[in-house]
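Student: output the structure for:
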Amino acid sequence: MSRDRSSRRFYRSESTHDLLSYMDRGQAANEENRWTFETAWEAANKVGGIYTVIRSKAFVSTEEMGDNYCLLGPYKETCARQEVEEADFAPNSPPYDCRQCDEKPRIQITYRHMDSYKQELWDTCSIGIPHLDVEANDAVILGFMVAQFIIEFRKAAENYSDTPPRVVAHFHEWQAGIGLIVLRVRHIDVATVFTTHATLLGRYLCAGNTDFYNNLDKFSVDEEAGKRQIYHRYCMERAAAHMTHTFTTVSDITGFEAEHLLKRKPDFITPNGLNVKKFSALHEFQNLHALAKEKINEFARGHFYGHFNFDLDKTLYFFIAGRYEFGNKGADIFIEALARLNHYLKSSGSEMTVVAFLIFPAKTNNFNVESLRGHAVTKSLRDTIQDVQQQIGKRMYDICLRGHLPDTSDLLQKEDTVRLKRCIYALQRDGLPPVTTHNVVDDWSDPCLNSIRRCHLFNTVNDKVKVIFHPEFLTSTNPLFGLDYEEFVRGCHLGVFPSYYEPWGYTPAECTVMGIPSITTNLSGFGCFMQEHIADPMSYGIYVVDRRYISLEGSVQQLAQYMYDFTKLSRRQRIIQRNRTERLSDLLDWRNLGIYYRQARAEALQIVYPDYVDHMQIELGKRFNYPRPISEPPSPTHSRATTPAASVHGSDDEDEVDEEKELAELRISDH
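Tutor: So this is what the prediction gives:
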């Protein structure tokens, strides 16, 4: 490839093969007698986001460690049926021998031993756990079971190699932390890693509408935990964080939080990844976007029947989704910014319409009758038109066979007109299109609906911003959309996640790997990660709202401006931006991010086993650095050094761009 073509090329950092050289399916681990046991309450037990972390990371974990990697968690019958495929360990192996030990009465662990476990925690750590806290009791049972299993395993592993076993026990969150505490107070020769995905006290403080980040250094943590009746849980979490050999969090912002609330600075940041699906041709995800968007178009036709006065070719779909934490997830400023956007679009005379979806699970009675009726009448119209088209085609064919040109009256007959009129009259409605697809229980107290009412976003004919609150998660069996969540995301144009408390943020990460631009904040782990590794995130379709250093009003204005600027992009510009966004997928691939977890385990091993040498030392934080796209004008505000890596997949022309032409199309000035 010529130097000129190379200089005009979009660089794409593929999954880097030097990072993957240690993925030998456990060959090195076997030779070193090295084992990893990872424990989490959400292992094969879907409760929240940690389930996604554990499940998605399992592939790279086994690629690295093979059978020397073991995931431990609570046995939940209903979850196990769906998640776990039963198989026995290989005979004459440490796990097999350890499983045989399970049948020994001396390690049968039940609630009968609860008092003795709690007494041990009190005697060794001064942690007292109230009898009525069922979740804490379950954590104690799980912790002691895991600790006893690892102790037995370590004894068994000594018989299978001349090299003493090197065991890493990795624990996630406070529910699993008791196992770590037990191993440490019993002085078991095991390297420990503790990962907190969000501090327990941090979740409670943010839920209470506290000015959290500006007061982190001022909180009396013992007092705050006591007031919320979680002091014993806080003690479990803090003890695990201080007793572990290596402490990690999922983002810099959570590390800052842990430093003040748990009183320990993390040794490593271990960002969360995804298993990224590669397309053989880069335009394939654009085709998926078009197919999914047409399904959303069909929903819009039915939902807004009778007031359907906007052009779907000039309509953009924005969405927010996640757990229904109105303030923490940023739904409050999203709705407020939509009201500002509505004003901007109307006052500027824009031809664009924005349909904004809010997807949060809430208590509902059933589907909204108006939503269902809209889809029924539009389906009736579509079926009638298809039937009329067939009749017209037959008549046209017969007339032409007789050697005549058909007249209009010969084609569209009176009965056809009557049928079409009936359908059109059925499309008329007295009220406005609903803002919710379901009947929400106690809708008078629902925070989303109250905010929508306060901002007067009622889906009138004159509104340029239409709002739809969908109070349940999307599935392919949904009668309104017929889309699962992934398809829905692919069909949208922009994901908006202006979170206030978001230790990582899987929703914008999922958008990125699907090539959908998104708005995040500098208080989310994802936003901080992107700012660190990308010279100019906005050039790649990652808009970062400042929710840390400016006022709430300033954040709302910035969010509204980002959305308004997005509506001014042409279709060609949006396609270019989606291409750029999709190029970031390798940045979020577990095949690359798994190295952070590996290095955390390696450090713990070196602390416990000084003779252990890690032969795969990689300097973290320096591996990924995305420059501004070549077609972007340089900005003096971005002075960090970058080292782009050339693409290794596809043909030479795959990512090639005409710098001058694209720059003219994007009309991006220095900023």
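
Student: please count neighbours and contacts with C-alpha atoms only from this point.
Tutor: Fine.

Student: all strands of the stretch 251-400 of the chain, in order?
Tutor: 268-269, 315-321, 353-359, 364-367 (DSSP state E, counting those that start in this stretch).

Student: could you measure from the residue nearest the centre of the chain over to D24?
Tutor: Residue closest to the average C-alpha location in the chain (Cα atoms, centre = their mean): Y506, at 1.5 Å. Per Cα to Cα, to the nearest Å, Y506 is found 28 Å from D24.

Student: go on, V441?
Tutor: From V441 to D24 the distance is 53 Å (Cα to Cα).

Student: now Y69
Tutor: In terms of Cα to Cα, Y69 sits 13 Å off from D24.

Student: and the longest helix seen in the chain, what does it pack against?
Tutor: The residue-count maximum for a helix in the chain (DSSP state H) belongs to helix 369-401. Based on contacts counted as 3 or more Cα pairs under 8 Å, 6 or more residues apart in numbering; DSSP states H and E, the elements that helix 369-401 packs against are helix 284-303, helix 408-411, helix 414-426.

Student: show me where the stretch 201-350 of the chain has its helices.
Tutor: 221-227, 231-243, 252-261, 284-303, 331-348 (DSSP state H, counting those that start in this stretch).

Student: can I get these in a markdown table with distance to D383, mean neighbour count and mean pLDDT?
Tutor: Shown next, in a markdown table, are the helices of the stretch 201-350 of the chain (distance: least, Cα to Cα, whole Å; neighbours: other Cα atoms under 10 Å; pLDDT from 0 to 100):
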| stretch | distance to D383 | mean neighbour count | mean pLDDT |
| --- | --- | --- | --- |
| helix 221-227 | 61 | 15 | 95 |
| helix 231-243 | 60 | 22 | 97 |
| helix 252-261 | 54 | 22 | 96 |
| helix 284-303 | 14 | 18 | 91 |
| helix 331-348 | 35 | 20 | 97 |
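
Student: A28: which of these is closest?
Tutor: Proximity to A28 (Cα to Cα) singles out helix 231-243 among the helices of the stretch 201-350 of the chain, at 28.4 Å.

Student: tabulate the CA atom coordinates of the closest one in PDB.
Tutor: The C-alpha trace of helix 231-243 is given here as PDB (Å, rounded to 0.1, in the frame of the first residue of the first chain):
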ATOM      1  CA  TYR A 231     -22.900  -1.100  58.800                       C
ATOM      2  CA  HIS A 232     -22.300  -4.800  59.000                       C
ATOM      3  CA  ARG A 233     -22.300  -5.100  55.200                       C
ATOM      4  CA  TYR A 234     -20.100  -2.100  54.900                       C
ATOM      5  CA  CYS A 235     -17.600  -3.800  57.400                       C
ATOM      6  CA  MET A 236     -17.600  -7.000  55.300                       C
ATOM      7  CA  GLU A 237     -16.800  -5.000  52.100                       C
ATOM      8  CA  ARG A 238     -14.200  -2.800  53.700                       C
ATOM      9  CA  ALA A 239     -12.500  -5.800  55.400                       C
ATOM     10  CA  ALA A 240     -12.300  -7.700  52.100                       C
ATOM     11  CA  ALA A 241     -10.800  -4.600  50.400                       C
ATOM     12  CA  HIS A 242      -8.100  -4.200  53.000                       C
ATOM     13  CA  MET A 243      -7.300  -7.900  53.500                       C
END
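
Student: for it, the distance to its chain's centre please.
Tutor: Put simply, helix 231-243 sits 27 Å off its chain's centre (Cα atoms, centre = their mean, to the nearest Å).

Student: just the CA trace of stretch 67-75, in PDB.
Tutor: Taking Å, rounded to 0.1, in the frame of the first residue of the first chain, the C-alpha atoms of stretch 67-75 are listed here in PDB:
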ATOM      1  CA  ASP A  67      -9.500 -26.400  33.100                       C
ATOM      2  CA  ASN A  68      -7.300 -24.600  35.600                       C
ATOM      3  CA  TYR A  69     -10.000 -21.900  35.800                       C
ATOM      4  CA  CYS A  70     -13.000 -22.400  38.000                       C
ATOM      5  CA  LEU A  71     -16.000 -20.200  38.600                       C
ATOM      6  CA  LEU A  72     -17.800 -20.500  41.900                       C
ATOM      7  CA  GLY A  73     -21.200 -19.200  43.000                       C
ATOM      8  CA  PRO A  74     -24.500 -20.000  44.800                       C
ATOM      9  CA  TYR A  75     -26.500 -22.900  43.500                       C
END
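
Student: rewinding a little: ok, which of the helices of the stretch 201-350 of the chain comes nearest E135?
Tutor: Taking those one by one with Cα to Cα, helix 231-243 is closest: 9.6 Å.

Student: which helices and strands does the closest one pack with?
Tutor: helix 173-185, helix 200-207, helix 221-227.

Student: which residues are in contact with Y501?
Tutor: Applying Cα atoms under 8 Å, 6 or more residues apart in numbering to Y501 gives the contacts 203, 206, 328-329, 523-524.

Student: pLDDT weak spots in the stretch 51-200 of the chain?
Tutor: 89-110 (pLDDT under 70).
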